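Chemist: Test case, fold it:
(one chain, ligands or ions: 2)
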Amino acid sequence: MTVARAARLSKQNSPRSAGRRLFCFFGNVIILAVPVVYLQTYSAAHTRQWGARLGALLAPGDVICVSGELGAGKTTLATGIGHGWGALEVVNSPTFVFVNEYSRADGHRLYHVDAYRLRDAADADSIALPDLLDSPAAALLIEWPERVLAALPPERLWVALRWVDEHTREIRMESCGPRYAWMLDRLRDA
Ligand SMILES: Nc1ncnc2c1ncn2[C@@H]1O[C@H](COP(=O)(O)OP(=O)(O)OP(=O)(O)O)[C@@H](O)[C@H]1O
Ligand SMILES: [Mg+2]
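Modeler: Numbers count the residues shown, from 1 in each chain. Ligands and ions are numbered 1, 2, ... in the order given. So this is what the prediction gives:
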């Protein structure tokens, strides 16, 4: 592809739209399929919708980190993820219990951790995070992942939510590892 054609496509395909492929320029170098997707949502339902798209892609062993300030919409996104994954239970905030476990008809499980009240990776043991990560047939979704960063595997999807205004949130998803790059590709095609 020529630089001019890539530039034309780049203009047509706004990088802020998750449904489109990204192009990025570093001097003369064009990087295709940057491992980041940006999107904006305009309501809680809209955030849940994107969460459901992501949840539908989850498989055992996946780790989804959801970061953002208080009220950024982490649990709202997590609710959508659980719904899209097919949770049989209602997905809500595990702030006071630390970990919620959801099940699915095929026996797979989804752990939803809220690490807000943990201080560091040593605290991760207190909620058996290593066991959750090693669990067969289970995926892990964690809010406030920065609290226990050292206890998390290097390969993961990192989702950062940012409050823009009362109804608008910016969501940045970055893949670390090929499994999550694949996930972002599927989301761009959604
Ligand atoms: N576009 C949006 N996306 C997500 N939530 C939104 C949006 N617009 C408004 N909201 C509202 O923002 C709030 C987000 O709350 P939520 O519990 O999901 O945040 P949180 O990041 O989990 O916070 P905490 O760290 O306190 O648990 C909800 O009341 C939701 O209805
Ligand atoms: Mg929350």
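Chemist: separation between whatever residue of the chain ends up closest to ligand 2 and H108?
Modeler: Relative to ligand 2, the nearest point of the chain is T75 (3.4 Å; C-beta to the ion). To be clear about C-beta, it is placed using only N, CA and C from the backbone, and glycine gets the same treatment. According to C-beta to C-beta, to the nearest Å, T75 and H108 sit 21 Å apart.
Chemist: out of the two, which sits in the more crowded spot?
Modeler: Shown here are T75 and H108; by other C-beta atoms under 10 Å, T75 has more neighbours (21 against 18).
Chemist: Thought V90 was touching that one, still the case?
Modeler: No: in this structure T75 lies outside contact range of V90 using C-beta atoms under 8 Å: 12.0 Å.
Chemist: What segments of this protein are helices?
Modeler: 3-12, 44-55, 74-85, 121-124, 129-134, 178-189 (DSSP state H).
Chemist: ok and the last one relative to helix 44-55, angle-wise?
Modeler: Right, helix 178-189. Counting by axes from the mean of the first three to the mean of the last three C-alpha atoms, to 10 degrees, helix 178-189 lies at 130 degrees to helix 44-55.
Chemist: So what sits opposite the most centrally placed residue in the chain in the bridge?
Modeler: Nearest to the mean C-alpha position of the chain, counting by C-alpha atoms, centre = their mean, stands V159 at 4.0 Å. Under the criterion DSSP bridges, V159 forms beta bridges with V66, M173.
Chemist: That one contacts M173, correct?
Modeler: Yes: the criterion here is C-beta under 8 Å, and V159 meets it with M173 at 5.0 Å.
Chemist: what do these two both touch?
Modeler: L54 (C-beta atoms under 8 Å, 6 or more residues apart in numbering).
Chemist: coming back round to it: save the helices of the chain as CSV, and put in mean pLDDT and distance to L140 too.
Modeler: Below are the helices of the chain laid out as CSV (pLDDT from 0 to 100; distance: least, C-beta to C-beta, whole Å):
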stretch, mean pLDDT, distance to L140
helix 3-12, 39, 35
helix 44-55, 97, 13
helix 74-85, 97, 11
helix 121-124, 83, 12
helix 129-134, 94, 6
helix 178-189, 93, 13
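Chemist: Check those for me and report the most buried one.
Modeler: Among the helices of the chain, the stretch with the highest mean neighbour count (mean count of other C-beta atoms under 10 Å) is helix 74-85, at a mean of 24.
Chemist: Can you pull out the low-pLDDT segments for the protein?
Modeler: 1-34 (pLDDT under 70).
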